[in-house]
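Chemist: Sequence isn't available, so here's the structure alone:
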């Protein structure tokens, strides 16, 4: 019934390749089906100005999409002179999600910038960016630990994200573009490795949804995230 | 236990004054405690370019905040030369939320722009903007109906929003700034008059939350929104 | 003869309500007929960079208009990405006018920012902004005096403004939009409480005007400003 | 008593050299003492969009200053990414002033753009721009007449501008930078060749001024403008 | 003697992988040692406005660099709000170079946009972008030919580019970052498959260079480009 | 055969008038036929941030063009809100070229900004800007020497530039607009007074060119630059 023939609770094939950007402190290329996102983590010695002297660090994210990641070419945001509203919304979500898994006091007064650049898009880019961004973050923090620049591990747990939605009247997980572009309701769940909730974003573009449907979507998310966390572990092993 | 002395499930006093901007097709000043938002609806004859010839209309929103709506002055976005990420995120939410309550085909090829300008801020401005923005929209659509410019009512149901969060370990509704600025988890619920879900946005800024807590927050939201819908009805009566 | 039925030298009803923005050091809502402007004064501890170490302070102003303050919706300047030429011109006038009534040495090395936001427009918004902005400034300076942060009153006199013009061949005071949009000559006068001139701006959009007409307009301005100063005093009493 | 040794009512030496930009339909280099402004007029076939189909034309102006026109280098506005408030204010004044001397219906549906670029600045650049801009405009319109593209002369009269102010307690005309930078009150007068008023802009930067002083300044302006109009005539002869 | 141990006339290992972006009409990932550039070609139905009705097409290019393509993170241009001068200079070069190899009349009234995004940088990114961009262009034009949208092949010859410079007093080809950052003279040569010159850009950052040195650099370029053209052929075979 | 009737190796008449901007530390108006560029040098006490503490100085350039320097009016870059790609490319070239003739250590920790503003354009504006910009730089450095602010002359040699190209199948020097707009190949050479190369930029807009043609162009450039250097010497004498 799904355009891809997947089961309602079936993720697309996941691949996470680490160490793909030689200059970055941490990096990976995450592929969720035909959605490919390059994630890098850059450690900066100084925290953002508002945390100077606070003893705490910061994790932030920036998101971009190559102009031809999509079926028709999108205008390059650098040429347009500003980041669009969708980009701003997405990169704020990524940053918030990753920060929620970090003990910012243990990180100390530094900043880690996660860059997520979509090489190819087929739905679910923001979720792939969070899941892959966490791997890049983990690798960068490993370097801090190895260099004894932190005394305890600032990462508290895995963080991963998956989209869910109601497609053709059925709750499904990990929507691809063919599903996403027509789904009446869809959104994103960000969970920890322990299954606790970090971020829930569910929107009705068409018909409003019921609390029972919300529960079904959350079930699907829990199942999907468990698999994504396994993929993170495998990539880091 | 709450700084304001309110019960966990108690909203701030609500007031919705309609017809406050003489030029707008619909307008109101909504006050949720010390949060005051001026909402106007402007009808434009033409839909946005991507809907030309589609037979459908559009509802969009813009959000702003007077520089001194807050305890310390914020830089004026027009002077800064761009809308900040938070503004962009909020106005996209308002537009999505209000569109979900509108039959865009019944609206016909026109656009209604909802402007929400925060005169005074004390937490929950985006929720007040949605609740008040719907009243402005309702009033503007009433004019279309009266002028026989639409043949059936494009508004399908009330739309209202309320914030919920976990403050000092307890789930609470309608957070004011004193609560919002320290809450570990908070977010916004947008519901229809019939109690169906349009938008759920819940974020953990500190500790992640459990599914049980999510359920408690949703209970609070349902209770709060029922009162807000009553206030909308009273204002329009 | 005037669209509103007013006499040539008759102002619109004036109302100045103080204390309308709880966070601001000074604020008022001034209504000149259907022109409504929200004015706030924000005290900043530091002067602008060019006055650092000079022993002098600064007063500056910013001006904005809600998109639907006017009969048809104007584009939001924050969304357009810059302040228009008219806005820039007006806010420079407001700042200059208010500074002319302040002893900047007595103010000390701090800055007061006056925000004037037009809620509803019906002609004469810049004059209302000056007259109301001065009330906000007066209230903020009162706080400095009460807190003994200044040793003498930096405000030297009232400052108020009124528009004058030639409508249908006759000199009139306080033009509303119906008059302003067709007046061949119009402009603004800013005077002190003692009736001395701070700013004179008179422009012929159509036919040039004579020195005799200039004199008549100045007579009207003197009469109008005397009433506005009385309204300022009443609001502060 | 004046830094330059001039009498109170004495202009700086004026020179207007025409035809200095070979591509422009009209051009001149105006020198008022050490203030040098290059003015050009460009005829465009189409009016601005808001006049399409109105049968009327438009005259507009743009103003710029070379970075090193001043004693210390100013940042190039093109590099800064926007025109400053002062620039915007000045170019709006120039456009308004020149339009007031033009019968826009006789001009027909076209636009003339006056570019005024300050090569060297020593006070009074906006007045020099208006006086020189009018010469460029006159020359461009002469071409329209010669080409029989207009049937009657759209220019109704000369337009010229001069600054006046109160320097060291005395009213003076045509302030240079040494005077302008310390004058308590100063401003600009734009008059027609027939001596009628187009624009009056007088500001008190320090002490407010009296109506009697306003009269003295206007007397000085009338005398100065008469000489500037003679210089325009001589340049065009 | 070279940091990489290469001979003076030795290129880095070249790899060109085609078809890496499924949505693009043509694409490749070109690797010149540690410099990796993703190139895509997008066919647009319409030419740029200035060619409308001319019977000719256009080829243009845009260039970007992922923030962490470099040893330290660069600010994202979309976030900075504009493309830097270096980016603008580079993308103009790429566009000019590729256009020189295209018969724009045979292309017809359409535009091909070449996007070159640097995934990893180690010197010579603009040359890799031209060499890889040509492969993407060739693949896209092949689609036009296959679809019979053009009647003759608009591509006249291969276009490839290589950098040359004087490193430690010796002329070398294909500088990597370690060489490029200290070379006194360096630049880029763009040649056709037939060995004719399209673009020569040589700059002395330190000591000026002689005509004899210019000749040596040109010899190196000819040798290097011959190898790059072979790599293009192999990738397309 | 050339539109101007010049020989293939004949420059346009050159004139360099120094001291034309009274406030600048160095200035000149250079005229190469109908191309007129105003050049000024401004000395700043501080180097750019990246050279702070390095003991070295910097020379940079900015380039602009008056809107009506060209046959049809160009949009003012300050009004457009950014410098175009061509402007950015040109001013980077001017800065690089002039820096190549300066011993930045002898200059000490200061910056000299060269502003080149095209008053009238007829081809070759960037070359005129370099040749004239060097004169302005020389004059400004003379002031540093006279004031004993440098202990040795930071200027190592003359720097001058000329364009060359293939017009109607013949190599020519110093192309005017009539030639430049149709030349298949053209570019710019920057040389020192001693005839060494600083910058070579040659582009084929139409047919690619041979190495033999490159040699002929270089011969022409050497001859032309020798004359330009003589003109620089004469202007400074």
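Modeler: Cool, got the structure. Remember, it's a predicted structure, so these values are computed and weren't measured experimentally.
Chemist: The residue most central in space within chain A sits in which helix or strand?
Modeler: Closest to where the C-alpha atoms of chain A average out (Cα atoms, centre = their mean) is residue A:130, at 1.3 Å. Using DSSP states H and E, residue A:130 falls within helix A:125-146.
Chemist: That helix and chain E, are they touching?
Modeler: No. Helix A:125-146 does not reach chain E (Cβ under 8 Å from any Cβ of the partner chain); its nearest approach is 9.5 Å. C-beta: built from backbone N, CA, C; applies to glycine.
Chemist: With adjacent residues omitted, what lies nearest to the residue nearest to the centre of chain A?
Modeler: residue A:161 (3.9 Å; Cβ to Cβ, 6 or more residues apart in numbering or on different chains).
Chemist: didn't the residue nearest to the centre of chain A look like it was pressed against residue A:159?
Modeler: Yes. Here residue A:130 reaches residue A:159: they are 6.6 Å apart, a contact under Cβ atoms under 8 Å.
Chemist: Name the residues of the host helix or strand of residue A:219 that are buried.
Modeler: Secondary-structure assignment from DSSP H and E places residue A:219 in helix A:211-236. Using 16 or more other Cβ atoms under 10 Å in any protein chain shown as the test for burial, helix A:211-236 gives A:213-214, A:216-218, A:220-222, A:224-225, A:227-229, A:231-232, A:235.
Chemist: related to what we said a few turns ago, contacting residues around the residue nearest to the centre of chain A?
Modeler: For residue A:130, the contacting residues are A:93, A:94, A:97, A:98, A:159, A:160, A:161, A:190, by Cβ atoms under 8 Å, 6 or more residues apart in numbering or on different chains.
Chemist: Who are the contact partners of the fifth one?
Modeler: By Cβ under 8 Å, 6+ apart, the residues touching residue A:159 are A:97, A:98, A:100, A:101, A:130, A:131, A:134, A:190, A:191, A:192, A:193, A:198.
Chemist: Look at the fourth one and report its pLDDT.
Modeler: Here the pLDDT value assigned to residue A:101 is 95.
Chemist: quick one: it from chain F, how far?
Modeler: 36 Å (Cβ to the nearest Cβ, to the nearest Å).
Chemist: hang on, isn't that residue packed against residue A:158?
Modeler: Yes. With contact defined as Cβ under 8 Å, residue A:101 counts as touching residue A:158 (7.2 Å).
Chemist: ok, for residue A:15, nearest residue in space, not its chain neighbours?
Modeler: In space, residue A:15 is closest to residue A:31, 4.4 Å off (Cβ to Cβ, 6+ apart).
Chemist: what are the bridge partners for that neighbour, then?
Modeler: residue A:15, residue A:36 (DSSP bridges).
Chemist: residues in contact with it?
Modeler: Per Cβ under 8 Å, 6+ apart, neighbours of residue A:31: A:13, A:14, A:15, A:16, A:17, A:128.
Chemist: How much space separates it from chain E?
Modeler: Taken as Cβ to the nearest Cβ, the span from residue A:31 to chain E is 12 Å.
Chemist: Tell me the spacing between that residue and residue E:15.
Modeler: 20 Å (Cβ to Cβ, to the nearest Å).
Chemist: And for residue A:219?
Modeler: For residue A:219 relative to residue E:15 (Cβ to Cβ), the value is 45 Å.
Chemist: Then residue A:102?
Modeler: Distance from residue A:102 to residue E:15, by Cβ to Cβ: 37 Å.
Chemist: What about the closest residue to residue A:179 other than its chain neighbours, how many residues nearby?
Modeler: If the residues on either side of it in the chain are set aside, residue A:179 comes closest to residue A:167, at 4.6 Å by Cβ to Cβ, 6+ apart. Residue A:167 is flanked by 22 other residues according to other Cβ atoms under 10 Å in any protein chain shown.
Chemist: Got the phi and psi for residue A:167?
Modeler: Backbone torsions for residue A:167, taken as degrees, to the nearest 10, come to phi -110, psi 120.
Chemist: Show me the beta-bridge partners of it.
Modeler: With DSSP bridges as the rule, residue A:167 is bridged to residue A:170.
Chemist: now, which of the contacts of residue A:159 sits nearest chain C?
Modeler: residue A:97 (27.4 Å; Cβ to the nearest Cβ).
Chemist: How about that closest one, nearest residue that isn't a chain neighbour?
Modeler: Counting by Cβ to Cβ, 6+ apart, the residue nearest residue A:97 is residue A:190, at 4.4 Å.
Chemist: Need the pLDDT of the residue nearest to residue A:15.
Modeler: So residue A:31 comes in at 98 (pLDDT).
Chemist: May I see the contacts of residue A:159 organised as JSON lines, with secondary structure added?
Modeler: Shown next, in JSON lines, are the contacts of residue A:159 (DSSP: H, G, I helix; E, B strand; the rest coil):
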{"residue": "A:97", "secondary structure": "helix"}
{"residue": "A:98", "secondary structure": "helix"}
{"residue": "A:100", "secondary structure": "coil"}
{"residue": "A:101", "secondary structure": "coil"}
{"residue": "A:130", "secondary structure": "helix"}
{"residue": "A:131", "secondary structure": "helix"}
{"residue": "A:134", "secondary structure": "helix"}
{"residue": "A:190", "secondary structure": "strand"}
{"residue": "A:191", "secondary structure": "strand"}
{"residue": "A:192", "secondary structure": "strand"}
{"residue": "A:193", "secondary structure": "coil"}
{"residue": "A:198", "secondary structure": "strand"}
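Chemist: Closest one of these to chain D?
Modeler: residue A:98 (32.4 Å).
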